[in-house]
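Asker: Sharing a model prediction with you, sequence too.
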Amino acid sequence: MMTGYRQILLGLAFLISVSAENTWSQESRSSEIDRKVDSLFVLASSGEVMHRDLVQPATDSLAAMGAAAVPRLIEIYDTQDARERQTINNILVKIGKPAVPYLVNSLTLDNAEQVGRICATLGEIKDTSAVEGLIKAVVHADWRVRSEAVGSLGKIGDSRGNGAMTYLLLDTVGLVRKSAAVAAGALLFEPTVKTLVNMLADDFYGARLCALEALVKFGAHVVDAIADSINSERGLIGNLGCLALGRIGGDSAVAVLVGQLDSPDYIRRAMAVEGIFETGSSFGCGFVELMKERETHPIVQQYIRKVMDKHAGR
Amino acid sequence: MILPQKEHLRQRARKNVIATGIDRLFIMYMRFLTFLLILMSGMGVTVAQNLPDTVYERQALEKLMALMNLQLTDLTFRDDYTKKDSFRLATVANLMRQPYGMIHFVEQFKDTCRNQKPEPIFSFALEQIGKETQQFRWEAADLSQGDSLDRGMNLFYRSLEFNRLLRKADKYLYKVFPPSADSAFAWLTPEEKSFLMKQFKQLLLEDTLDQSRSPQQIDSIQDAEEEYIKQFVRFGAKIRKDIIVSAGVAAAIELHREINLLLDEIKAGHLSARGILSDTAVLPPRTGIAQYLGRKEGWAIGGPEDNYYKGDSHFIIDFGGNDRYDLVYNPDNPHGTIIIDLAGNDIYNGLTDFTVGSGGMNVGLLFDISGDDIYSGKDFSLGSGFFGFGLLYDAAGNDRYYGDTHVQGAATFGIGSILDLGGNDVYSAALYGQGFGGPEGAGFIVDYLGNDNYLAGNKYKDVLRYDDHYLSLSQGFAYGFRPYVSGGIGAIIDYKGNDNYVSDIFAQGTSYWWALGMIYDSSGNDQYVSYQYAQGAATHMTLGILLDQSGNDFYRGKGLMQGCGHDYSCAIMLDRYGDDIYHAVDLSQGAGSANGFGIMLDARGNDAYYVMKTNNTQGFGDARRDFGSIGLFLDLSGTDRYDGNGGENRFWQTPSKWGGGLDEFILPDSAVSGL
């Protein structure tokens, strides 16, 4: 009995010793990797002109380490140095898919700034396995995380992100709405069109101009929605709507634009002329030519001349 | 047969007369209409040009922005792109919310300086270094309150006016500065106090050896510096700089007044230097001379002959002659310094740091009333306030100012200034000088008269960017330690004269990290030359402005300048009057980069604009972070020449996000569009 007990104890001791050795060896390996990452990273993130030749080889070596380098890179992703931050992003993007599981697991870190950066990197890697993690991040208390998360959902372009993106189009922070608008232009989720049209008068210029870009990407589907709101009291909707219609083009867009040539607001007339210029429509150009005689505002006249010159050049 | 013919001819003639009359009437009517039109358009222009400058410029900017579907309210920044630090100045924070307000702020600063009186200038400056989180301002500690004029003092000199000046100096040096310095740093441990003069000071110094260090060495230096900053952040908020700075402000104001009273008496012939110095008390036997006012250790009083002063002085007053001062300061034993020189061409030579009107954890004042003087210092000298107050006041003469780092109107946690009232002056510095504002600092030069030369750079290489350019970080430049400690306010206000501003990297109305750098040049045909980050530039969540009121000016540089805001920053280049020439290579003349705003505005005069690259200049916005930056270019009147995107009498947009320009402030909309 005693012998059996002793044997069990010896067995346990052996197991513990083997396990400890393994752990030690893993830790040692891991710290060795960390050291390697650190030493290469000093060169990769070096900004001085005289050391510029060392940067790319070091970056490439880190990327070649693959997944092994990722934990350490994530650990130092809380750096306050912009160059270091950019370097880490570049390496992780180069590593690509193997880095994604580590990055997704790190979305729960406490440091919001770090989490935001991880979200942004995931967007650049563009791997769909990050989508669920990013969707969870869109309700983060820190606007920077929300902004990067929705931006990355747009970059990945997976329709599972539609709901999160729609939700953030109405965020209280302009920069988040901007990122959501950019994502909307990538995801092309039709129920967001009305919101995007309204966003043309957003308080934040980044949001309204990105909404314009998004609407253009939707194409002819959004002409009616823009036409419905073009005479909105919020003048920016009509002005930017004209530019959107111009870039979308087509007869129905031109018809709406022609209707704006008589606007009492000279900027609206200018935007309508610019829209027609963009469409390249001869039909629209004819109307612009007709308004030429009666137009008195020098800015609008300048826009008209641009259309006329283009038309004459054909 | 003949009659009808005659009748016909008569009728034709009558018709001709009537026709001619109608023609004449028509011609007259048309002439009247033309006249009316000219009058109206003339009135329109007159109305536009009679508007106050600020209204005129603002209307034009709003018009340009409207054409780009932007609004003036778009020019704003959030305060939380990164974690907020506790050193952010309220003035900077407010201006970040409405950066176009920089123009008003610069004018306010200039107006405050106009009367050449220290009181409004320093009161204003003190107000500007209040922190965003600060609820109230701490006052100077004054242990002399309640003392009668000469209580407890033995008088050596008999002149009442002179004794009053000496007593004021004595009061500040021994009863105001020491308790104020003690109070300002009372919450710090001895190690923390020592840290300020050692490790923290190192953060503002560069080393020419960096040019040849390995990446590992540079990395370890950067790591150490970052650690110093983090260490400072842990206790920096405990510093009550207001206390020592207020003491300096009060002393500067009061001593300036006393000096002028004494000078008035001398000028009126009531007093003379020799009279004052010879009319002394008969000392009782065995009385220690050091017990007498004006005769203390560390004090020196010199007559109208040429004198030589050396050492770590507390107080010097010199009545004339061409004097030489070899000054030293022991930072381990901080104390106040007051130097007053009433006449002569003097040489001030700082043999150590913290000399020549420098306040290192204390107050340093230097008043030189006349003469062509030479001021030469090492680091932290010539109107430097480093956790303190430094003033170099020069009332007249063609002067030369030489220094290395943190010099010539430079301040970090304090106020550092040069007030130069006249003469053609030369300012030469290597780094962080000539109106430099470090964290919680307002550093400025106010130069009232003369054709001045401001030269900065040429010592410390910009190893991050170039192997043949040097950092200047000067001339209305402000700086913070990104991203831990926000910066301050750096300014040059130059009223008259044809001035030259020459620098290399970072200068001339520029700043870095939550700070405000500015130049206001009121008149003269000025020349601004720099290489990069200059002439109304701002990089990384910060503000910069160059406002030149009048004169035919010349602006030259490479890039990121002439109204260029980079990374959530706003920069304005505003030239109001004169025929000006602008030359740049890239990312300039109204350029927004990385979500920054750049505004280039020339209100009047026949100007010429030249750029080497047209794809990012004259109204350019860089499309960073999925959205845009804003670059705005405006020339509101005159016959102008463009080499680039701009053109005479037109509006343009560049293929960028979002940039455009407007030449000529076209008639108000109501006059042409019937709105």
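Answerer: The structure has been received and is ready for your questions.

Asker: Next to chain A in this structure, residues from the stretch 51-200 of chain B, please.
Answerer: By Cβ under 8 Å from any Cβ of the partner chain, the residues of the stretch 51-200 of chain B that approach chain A are B:A66, B:L67, B:N69, B:L70, B:Q71, B:T73, B:D74, B:R78, B:D80, B:Y81, B:T82, B:K83. (Glycine included, C-beta is placed from N, CA and C.)

Asker: Grab the nearest non-local neighbour of the residue of chain B found nearest chain A.
Answerer: The minimum distance from chain B to chain A, using Cβ to the nearest Cβ, falls at B:F627 (3.7 Å). Setting aside the residues directly before and after it, B:F627 is nearest to A:G206 in space (Cβ to Cβ, 6 or more residues apart in numbering or on different chains), at 3.7 Å.

Asker: Just the CA atoms of the one helix or strand that neighbour maps to, as CSV, please.
Answerer: Element membership for A:G206, per DSSP states H and E: helix A:205-218. Output of helix A:205-218 as CSV, limited to C-alpha atoms (Å, rounded to 0.1, in the frame of the first residue of the first chain):
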residue,chain,number,x,y,z
TYR,A,205,-18.8,68.0,-42.4
GLY,A,206,-17.1,64.6,-42.4
ALA,A,207,-20.4,62.9,-41.9
ARG,A,208,-22.3,64.8,-44.6
LEU,A,209,-19.6,64.5,-47.2
CYS,A,210,-19.1,60.8,-46.6
ALA,A,211,-22.9,60.4,-46.8
LEU,A,212,-22.7,62.1,-50.2
GLU,A,213,-20.0,59.6,-51.3
ALA,A,214,-22.1,56.7,-50.0
LEU,A,215,-25.2,57.8,-51.9
VAL,A,216,-23.2,58.0,-55.1
LYS,A,217,-22.1,54.4,-54.5
PHE,A,218,-25.8,53.3,-54.3
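
Asker: Packing partners of that helix?
Answerer: helix A:174-187, helix A:193-199, helix A:235-248 (3 or more Cβ pairs under 8 Å, 6 or more residues apart in numbering or on different chains; DSSP states H and E).

Asker: chain center to it: distance?
Answerer: For helix A:205-218, the separation from the chain centroid amounts to 13 Å (computed by Cα atoms, centre = their mean, to the nearest Å).

Asker: For that helix, buried residues please.
Answerer: Judged by neighbour count using 16 or more other Cβ atoms under 10 Å in any protein chain shown, the buried positions of helix A:205-218 are A:205-218.

Asker: Packed most tightly, which of the helices and strands packed on helix A:205-218 would that be?
Answerer: Among those, helix A:174-187 has the highest mean neighbour count (mean count of other Cβ atoms under 10 Å in any protein chain shown), at a mean of 27.

Asker: relative orientation of that helix and helix A:205-218 in degrees?
Answerer: Relative orientation of helix A:174-187 versus helix A:205-218 (axes from the mean of the first three to the mean of the last three Cα atoms, to 10 degrees): 10 degrees.

Asker: which other helices and strands contact helix A:174-187?
Answerer: Using 3+ Cβ pairs under 8 Å, 6+ apart, the elements in contact with helix A:174-187 are helix A:143-156, helix A:162-168, helix A:193-199, helix A:205-218.

Asker: hang on, the earlier thing: can I take it that the residue of chain B closest to chain A is in a helix?
Answerer: No. Applying DSSP: H, G, I helix; E, B strand; the rest coil, one finds B:F627 to be coil, outside a helix.

Asker: pLDDT score assigned to the residue of the stretch 101-250 of chain A found nearest chain B?
Answerer: The stretch 101-250 of chain A approaches chain B most closely through A:G206 (3.7 Å), counting by Cβ to the nearest Cβ. As predicted, A:G206 sits at a pLDDT of 97.

Asker: Go ahead and confirm it touches A:V182.
Answerer: No. If you go by Cβ atoms under 8 Å, A:G206 and A:V182 don't touch, sitting 9.3 Å apart.

Asker: hey, what's in contact with both of those two?
Answerer: Common neighbours of A:G206 and A:V182 (criterion: Cβ atoms under 8 Å, 6 or more residues apart in numbering or on different chains): B:F627.

Asker: any idea how far the residue lying closest to B:M541 once chain neighbours are set aside is from B:T76?
Answerer: Once flanking residues are discounted, B:M541 sits nearest to B:Y568: 4.7 Å by Cβ to Cβ, 6+ apart. Distance, B:Y568 to B:T76, by Cβ to Cβ, to the nearest Å: 10 Å.

Asker: So for these two, which residue has more residues nearby?
Answerer: B:Y568 (22 against 17; other Cβ atoms under 10 Å in any protein chain shown).

Asker: nearest to B:E107, of the buried residues of helix A:205-218?
Answerer: Lowest distance from B:E107 to those (Cβ to Cβ) belongs to A:Y205, with 26.8 Å.

Asker: check contacts around that closest one.
Answerer: B:L70, B:Q71, B:D74, B:F627, B:G628, B:I630, B:W658.

Asker: count of neighbours near the second one?
Answerer: The reference is to B:Q71. B:Q71 has 14 nearby residues by other Cβ under 10 Å.

Asker: Mind telling me what element the residue nearest to it when sequence neighbours are not counted is part of?
Answerer: Counting by Cβ to Cβ, 6+ apart, the nearest residue to B:Q71 once its immediate chain neighbours are dropped is B:M65, at 6.1 Å. Per DSSP H and E, B:M65 falls inside helix B:53-67.

Asker: That helix relative to helix A:205-218, how many degrees between them?
Answerer: Using the same axes, to 10 degrees: helix B:53-67 against helix A:205-218 is 20 degrees.

Asker: got the contact list for helix B:53-67?
Answerer: Outside helix B:53-67, the residues that reach it (Cβ under 8 Å, 6+ apart) are A:267, A:270, A:299, B:48-49, B:51, B:71-72, B:74, B:100, B:103-104, B:107, B:574, B:576, B:599, B:601, B:603, B:632, B:634, B:636, B:651, B:653, B:660-662, B:665-666.

Asker: Just to be sure, which of those are found in strands?
Answerer: Under the assignment DSSP state E, these contribute B:L574, B:I599, B:L601, B:L632, B:L634, B:F651, B:Q653, B:G660, B:G661, B:L662 to strands.

Asker: Name the helix or strand of the chain that has the lowest mean pLDDT.
Answerer: No chain was given, so I picked chain A. Least confident helix or strand of chain A, by mean pLDDT, DSSP states H and E, is helix A:2-44 with a mean of 71.

Asker: sorry, should have said chain B
Answerer: Result, chain B / mean pLDDT, DSSP H and E: helix B:669-673, a mean of 42.
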